[in-house]
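Asker: sequence and predicted structure are below.
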Amino acid sequence: MICAGIDGGSRAIKIVLMECGTCKVLASGVRDQGVHHERLAKELLAELLKKAKLSRRKLARTVATGYTRNAITFADTTITEITCHAAGVRYAVPDAATVIEIGGQDSKLLRLSPDGSVHDFAMNDRCAAGTGRFLEVVASRLGVGFERLGALAHAAKSPAPISSMCVVFAETEIIGLLASDAKPADIVAGVQASIASRVAAMIGRGARPPVIFTGGVALIPGMADALHRVLKVPVRIAPKPQMTGALGAAILACRQAAADRVAM
Amino acid sequence: MSDSPKRLTMEELDRLCRRRQAAGLPMAAYAGPLARHVEDGDRRLLKLQYDDSAAALRLWNFLLTEEDRLHAARAAGKKIVGTMKDLGTVPVMAYAAPNLVAFYPDGAWWTPCVMELSEGLFALAQSLGLGDALCPVRAMAGAFVNRAHFPIPDLLTCSVGATCDDFSAVAQRLESLGYPILWWEMPSRRQPDPGEPAVTLPGGFCAPESQVAVVRSELERVRVALADLAGLPLGDEELAAGIREANRVRALLGDLRRMAYTAEPCPMPALEMLIAEMLAIHFCSDRAESVAVLTEMLDEVRSRVDRRAGVLAEGAARLFWVNPVADLRVMNLLEDCGARLCGTEFLFCHALDTIPEDLPPMEALARMALADPMVGPSADRAARIVRDARALGAEAVVVSRIPGASHCAMEGGVIGRIVRQQIGLPVVELEVPPVADPLWPTLKTRLEALVETVLERRLR
């Protein structure tokens, strides 16, 4: 039995095809998000099915998650990214106790029960200052590619303090830093520290290890270290962190399909 | 009464109303289609979903005609008392005089939501120096300036001190505009020192006798002002009778809450329960009619419970909700996400407790006022939430923050921590602005995720 998990994020669509009995990932892929969320998801799904030599009819169940989950009308059901990330992390890191997910649109903290289910969670409120959007803004302002931010941060000698609580004001602050000859590397490291401190504020008193870092922002070198510095506990990056939500959605789709089969 | 309760759009509810009118069924004099309030600017009504009972229709009409009632009271020669920053004490005293009508000007904080910001009350408040760093209650100052809502009261009272910094700032600005205010001081409730004479307050908190005495003497000044305004004596006998009547409202609300929040399936939607609870504050400017409205609500709920008829499927996630929402639509949203209310603490839980009838009335009122959750430590408030959430079988707690409200800024964290520590429930904080549409996806995700978490915990 084959199931699909689709994570329609604000910046990218991620899909995982899974063979349910073995929990084997048959194919996975990522595509940049656009205006037509559903069409893009359909195209990526078709591409992955072709790659795995499967037909659409083979799909027993499809679960959509992520910011645009409700736009993916061909999915059988939707599940929030909070539940999906927990399931995805549990699959990849069975002893995870805390999950930090930073995506393009928001950031989340999940406290997991010993069985891997969500015990409690928190999300950042309205502000983009604790999200990948902040890094996009700084990349654009510095005129560097998003993918180069990590290397830049690595070269930082003295991270610039970013005190603004809002991305719009922070951008102004960055312009001021550039005008005063601050090095781009120090600015990027400062922004990473700023995001990390916002996530730490969401966590409150102590993050229970093992702490697993997921979401697209986990791909940027230096972010996990920035989180480690403020949380004072090791922060491990989940395998293929950008895919964790889609992986969890596929796992939950398999569970639902199995339950449906039992009920029949 | 409806056979199979469901939620309706405003148009559907209005059709029901017209059918009832055409059939000659008994309806309150103020009842009618809600569309007339949309014409007056209450555009949010178009986006809400309503319970389909006659009782709920009456409740909504009662709520939405309050301003008419206040203007009619003035025309009839009654005196109007604006009881500011007072969640249920001075109104009990004012209604003890037959020719006084009390209302809650702070209630104007809902106006920007119901009118979807079209009225410009926030802009007016801003022009007075009351910007969005303050609680949405600043809308009240705008309502005093444009005079398009409630009549200007004959007497304004306002509790100050430990109550609310934001509101004090707004009320001080109001006074500077030429609206004299009778201020009464509320001390910050504290635990009695060892050996210090203490009393137990309604709701179970303890306070030093000396603090109760301070509040009593402050309320005595209010009593004198009310009696002067009424031109009638406001003695202990009148106050005791007023307390008994207020307790009738509270008892009805107590029964309604107990039944609506514990029955399975959920017999009454969250939105109507929020509106009903608010009647505790100042009786929506008509104490006797509040009793009638709540009695009909209770009858409807009782009938549904007897028939096991619910507005939601059985098994909805049981949420305990803390703080009122600025955008009423969020009450619909929680049900759309598969949850129901199983208890609330809308910041005026003391106004739901019975006022002691075996004490001298001023002593009883002072104790009740000092039981206000806002005038004590956040830990006290959290303790009551823990107690009630546990008793009502809550599966999760939602702390809804009001943007700009200073008391909300820190309390959510304290409440969340204590709830997690003591009863191990998941707690989610939401910030709900007066018009929450731009935040809809994130609010929906949080509530859906909370429901998913609750359902998964059940499986464990």
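Answerer: Received, thanks.

Asker: secondary structure class for residue B:399?
Answerer: Residue B:399 falls in the strand class when you classify it by DSSP: H, G, I helix; E, B strand; the rest coil.

Asker: what is the burial count for it?
Answerer: Burial measure for residue B:399: 24 neighbouring residues, criterion other C-beta atoms under 10 Å in any protein chain shown. Any C-beta I mention is one placed from the backbone N, CA and C, and that applies to glycine too.

Asker: pLDDT averaged over stretch B:9-19 - what is it?
Answerer: Taken as a whole, stretch B:9-19 has a mean pLDDT of 96.

Asker: off-centre distance for that stretch?
Answerer: Between the mean C-alpha location of stretch B:9-19 and the chain-wide mean there is a distance of 26 Å, by C-alpha atoms, centre = their mean, to the nearest Å.

Asker: just the residues contacting it, thanks.
Answerer: Around stretch B:9-19, the neighbours that count as contacts under C-beta atoms under 8 Å, 6 or more residues apart in numbering or on different chains are B:8, B:27, B:31-35, B:38, B:45-46, B:48-50, B:52, B:57, B:60.

Asker: and stretch B:68-85, by the same measure?
Answerer: For stretch B:68-85, contacts defined as C-beta under 8 Å, 6+ apart pick out B:30, B:89-91, B:94, B:99-106, B:140, B:150-151, B:153-160, B:163-164, B:167-168, B:171, B:181, B:226, B:229-230, B:282, B:284-286.

Asker: of the residues you listed, which belong to helices?
Answerer: Helix and strand membership here follows DSSP state H; of the contacts of stretch B:68-85, those in helices are B:90-91, B:94, B:140, B:167-168, B:171, B:226, B:229-230, B:282.

Asker: got these as CSV, with distance to residue B:15 and neighbour count columns?
Answerer: As requested, these are arranged in CSV below (distance: C-beta to C-beta, whole Å; neighbours: other C-beta atoms under 10 Å in any protein chain shown):
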residue, distance to residue B:15, neighbour count
B:90, 40, 30
B:91, 35, 27
B:94, 39, 30
B:140, 35, 28
B:167, 40, 26
B:168, 46, 17
B:171, 43, 27
B:226, 44, 26
B:229, 44, 20
B:230, 44, 20
B:282, 32, 30
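
Asker: follow-up on the earlier one: among the contacts of stretch B:9-19, which ones are buried?
Answerer: Those of the contacts of stretch B:9-19 that meet the buried threshold are B:8, B:31-35, B:38, B:45, B:48-50, B:52, B:57, B:60, by 16 or more other C-beta atoms under 10 Å in any protein chain shown.

Asker: could you export those residues as a markdown table, including secondary structure?
Answerer: Below are the buried ones among the contacts of stretch B:9-19 laid out as a markdown table (three-state DSSP):
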| residue | secondary structure |
| --- | --- |
| B:8 | strand |
| B:31 | coil |
| B:32 | coil |
| B:33 | coil |
| B:34 | coil |
| B:35 | helix |
| B:38 | helix |
| B:45 | helix |
| B:48 | coil |
| B:49 | coil |
| B:50 | strand |
| B:52 | coil |
| B:57 | helix |
| B:60 | helix |
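
Asker: export those residues to JSON lines and tack on distance to chain A?
Answerer: Conversion of the buried ones among the contacts of stretch B:9-19 to JSON lines gives the following (distance: C-beta to the nearest C-beta, whole Å):
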{"residue": "B:8", "distance to chain A": "23"}
{"residue": "B:31", "distance to chain A": "37"}
{"residue": "B:32", "distance to chain A": "36"}
{"residue": "B:33", "distance to chain A": "32"}
{"residue": "B:34", "distance to chain A": "29"}
{"residue": "B:35", "distance to chain A": "30"}
{"residue": "B:38", "distance to chain A": "28"}
{"residue": "B:45", "distance to chain A": "25"}
{"residue": "B:48", "distance to chain A": "21"}
{"residue": "B:49", "distance to chain A": "18"}
{"residue": "B:50", "distance to chain A": "24"}
{"residue": "B:52", "distance to chain A": "27"}
{"residue": "B:57", "distance to chain A": "32"}
{"residue": "B:60", "distance to chain A": "30"}
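
Asker: going by distance to residue A:190, which of the residues you listed wins?
Answerer: Taking C-beta to C-beta as the measure, residue A:190 sits nearest to residue B:48 out of those, at 45.2 Å.

Asker: pull the contacting residues for the closest one.
Answerer: Applying C-beta under 8 Å, 6+ apart, the residues near residue B:48 are B:10, B:271, B:328-329, B:332.
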